[in-house]
Structure formats: structure tokens, C-alpha cells
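Model the structure of this input:
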Amino acid sequence: VRPSLISIDAAVPAVATRPGTPAIAPHNLEQPTYNRAGSGVIIEPRGYVISSLHVIAGAKSLKATVYGPKGANTYSLKIVNSSSDTDLVLLRLQGDGPFPYATLGDSDNVRTGDVVLAMGSPFGFDQTITTGIISSTKRTISVDGKVYEDLLQTDTPINKGNSGGPLVNLYGQVIGINNAIYSPTGMFSGIGFALPINQAASLVGGVLDFGNTPIQAAAGQIVAWGSRGRQSGNSYRLPNGQVITPPHVY
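Got it, this is the predicted structure:
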């Protein structure tokens with residue numbers, strides 16, 4: 001899974017520090033200043049990436065670092081689709097593939113006690129792997145006044161920079177996207193949360209063309225949402241039976 005893990009840098013305009021004043025963008029954006037914002041995971045060989053929406057929120061420019069056997073390569077990132085309800089975003093690497101990609105699992109099958117690994121760039125330490133267990137499932141939390149439901153709770157160490165990175169089971173399948181921690185100190189305190197990967201169904205469905213390949217975990221295709229909708233070539237069947245054909249809404 002590790003080769004499919006990317007680091008995401010975002011260039012966010014400077015804002016005024018005095019409360020109540022409007023945001024002030026820098027005058028010169030020709031050479032934006034990037035800061036390590038979080039992580040993401042490649043889910044398809046053409047460079048489609050899933051991450052957390054809050055990782056790239058407000059960014060005027062994005063770039064990703066992909067790590068290969070010959071070293072690191074940097075690519076621009078394009079936003080393809082996003083969902084504020086789930087805090088998920090679908091991105092695409094702007095470069096020639098094929099890229100290494102991860103297999104997606106079925107988060108509906110995750111159980112309390114399952115051993116998992118979290119992957120990301122905590123505090124800028126790229127491609128860091130930590131491990132723990134699923135502490136609970138279907139947690140509801142509120143972040144900045146927004147409620148997120150059915151999250152996976154884990155004691156796997158997650159810190160700033162892990163957001164958007166994958167939570168992986170022992171079969172090497174992505175079953176969640178690291179999203180938040182509960183911490184009085186701002187650092188990991190034993191309680192982390194991940195968005196179940198099945199919540200990405202509506203984000204991805206109808207956008208990616210798998211060339212009539214059956215949905216199956218072993219082939220690294222979009223799985224789990226077989227019961228919700230099915231990708232067929234470049235058309236998409238919604239749960240209510242409606243078939244969407246090109247051109248798509250997205």
C-alpha cells in the first residue's frame with residue numbers, strides 16, 4: 001500500500017490576524033508558498049486520489065509528492081469532486097501514469113478489535129506507518145459545528161499531517177480515510193477517527209471509468225458500493241435503478 005500513499009502540500013493565501021477583518025490574499029501568487037497540509041491515497045492507476053476535504057480547503061494551489069523506487073516526484077493536483085457532508089475529496093495527479101494504487105476494502109465489514117495501520121505524513125514525516133486496533137465503529141462527532149456520522153474510531157496514532165491518509169486492514173485494503181483526533185493537547189491522545197471508505201461511493205461513482213471491469217476487491221477496483229450502485233464502462237447505475245450515461249454531471 002505504501003507506494004500509493006502521497007503527501008499533499010497546499011498554498012493557502014495569508015489572512016488577517018485581527019478578529020473580524022476580511023481575509024487578505026498576498027499580491028504576488030506567481031510563486032506560492034506551500035506548506036505540508038496532509039496526505040492522500042491513489043486509488044486508480046491514472047492518478048485519482050482520495051483525501052480529506054479539509055486538507056485542501058482554501059488552497060489556491062496544490063501539489064503532491066509521490067514516492068517511488070527512484071525517489072520522490074512532485075505533481076500538481078486537480079480537484080475532481082468533493083463532498084462537504086463527508087469531508088472527502090477526489091483529486092487527480094497531473095502527470096503521466098500509471099501510478100501505484102491501493103485496493104479498497106468494504107468498511108461495512110470492519111469490526112471492533114480489527115488490527116489496522118494508519119499511513120500519512122504526521123508533522124511532515126512522510127510515509128509514516130502506525131498501527132493499532134479499531135476501538136469502535138459508527139461513532140458520531142462534531143468538528144467546528146459540523147456533525148460527522150458512522151466514523152471508525154481507532155487507537156492507531158494519528159497526528160497533524162495524517163489527515164487524508166488511508167486506514168488499512170491486514171489484507172492491505174483501504175477501509176478508511178484518517179480524518180480527526182480527540183485531543184485536549186492538539187496531539188494524539190489515543191482516540192482517532194477515520195471516514196469509512198464506503199462513504200466515498202457517491203464521490204467516485206460515475207466519475208471513474210473502469211472499462212467494464214467487474215467491481216472486485218482483489219483487482220483494486222471501487223468495491224463495497226456494489227450494493228449501492230455499479231460502474232459499467234462509463235455509465236453508472238444509481239441505487240434507485242436509474243442509469244446515468246455520458247456526459248456525466250461531474
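
what comes up buried for stretch 53-65?
Leu53, His54, Val55, Ile56, Ala59, Ser61, Leu62, Lys63, Ala64, Thr65 (16 or more other CB atoms under 10 Å). To be clear about C-beta, it is placed using only N, CA and C from the backbone, and glycine gets the same treatment.

Contacts for it, please.
Stretch 53-65 is contacted from outside by 6-13, 25, 29, 32, 34, 37-40, 49, 72-79, 82-84, 86-89, 91, 93, 126, 163-164, using CB atoms under 8 Å, 6 or more residues apart in numbering.

Unless I misread the structure, Asp108 falls within a helix.
Yes: counting by DSSP: H, G, I helix; E, B strand; the rest coil, Asp108 falls inside a helix.

Am I right that it is in contact with Asn198?
Yes: at 5.9 Å, Asp108 counts as touching Asn198 under the criterion of CB atoms under 8 Å.

quick one, which of these two is more surrounded?
Neighbour count, other CB atoms under 10 Å: between Asp108 and Asn198, Asn198 has more, with 21 against 13.

For that one, give me the pLDDT.
Asn198 carries a pLDDT value of 89.

helix, strand or coil for it?
Here Asn198 is recorded as helix under three-state DSSP.

Quickly note the distance from it to Val174.
As judged by CB to CB, to the nearest Å, Asn198 and Val174 stand 11 Å apart.

what about this structure, any weak spots by pLDDT?
14-32, 186-187, 206-250 (pLDDT under 70).

Work out for me the element Leu90 sits within.
Assigned by DSSP states H and E, Leu90 belongs to strand 88-94.

Ends of stretch 83-102, what's the gap?
In stretch 83-102, first residue to last residue: 21 Å (CA to CA, to the nearest Å).

in that stretch, what counts as buried?
By neighbour count on 16+ other CB under 10 Å, the buried set for stretch 83-102 is Thr86, Asp87, Leu88, Val89, Leu90, Leu91, Arg92, Leu93, Phe99, Pro100, Tyr101, Ala102.

How about stretch 70-78?
Residues Tyr75, Leu77 are the ones in stretch 70-78 that count as buried (16+ other CB under 10 Å).

ok, and what's touching that stretch?
Contact with stretch 70-78 is made by 8, 47, 49, 56, 61-66, 91-95, as judged by CB under 8 Å, 6+ apart.

Which one of those residues is nearest to Asn159?
Nearest to Asn159 among the contacts of stretch 70-78 is Ile8, at 15.3 Å by CB to CB.

before we move on, which element is the closest one in?
Counting by DSSP H and E, the element that carries Ile8 is strand 5-11.

So in that sheet, which strands flank that strand, and in what orientation?
Sheet pairing here is set by DSSP bridges, and for strand 5-11 it gives strand 35-44 (antiparallel), strand 61-68 (antiparallel).
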